[in-house]
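Chemist: I would like to see how this sequence folds:
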Amino acid sequence: MSDPLAHAALLVPGILVVEGYAPSGSADQQFVASRARAFVAREYLFERFHLDQRSTGVMPLSGGPSEGAPSQPWSGVALTFYFKSK
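Modeler: Got it, this is the predicted structure:
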């Protein structure tokens, strides 16, 4: 395995959450679009890095920014990795 990210994902146990963002449309449309974006990104990560599907999830966040993100609504995805430290 030549990809450092894939190698690290196998060595560090944790949970990967793919957050989806979509600020335009009604609240229902934002939810559907942000969820779809997160699923597409998650599927790419499964195929590219052979991640364990049991330790990954999606979180549709409509257009609202998460802490540390730009303060204005934006379209796209963000990755959050949770791991247990010793």
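Chemist: May I have the residues that are in contact with residue 37?
Modeler: By Cβ atoms under 8 Å, 6 or more residues apart in numbering, the contact set of residue 37 is 20-22, 75-77. Backbone N, C-alpha and C define where each C-beta goes, glycine included.
Chemist: Of those residues, keep whichever come out buried.
Modeler: For the contacts of residue 37, a burial check counting by 16 or more other Cβ atoms under 10 Å picks out 20-22, 77.
Chemist: Centroid-nearest residue for this protein?
Modeler: residue 18 (1.2 Å; Cα atoms, centre = their mean).
Chemist: Surely that residue and residue 81 touch.
Modeler: No. Assessed by Cβ atoms under 8 Å, residue 18 is found out of contact with residue 81, at 10.3 Å.
Chemist: do you know how far the spatially closest residue to residue 83 that is not a sequence neighbour is from residue 60?
Modeler: In space, and not counting its chain neighbours, residue 83 is closest to residue 14: 3.3 Å by Cβ to Cβ, 6 or more residues apart in numbering. Residue 14 sits 21 Å away from residue 60, going by Cβ to Cβ, to the nearest Å.
Chemist: Check residue 22 too.
Modeler: Counting by Cβ to Cβ, the gap from residue 22 to residue 60 is 8 Å.
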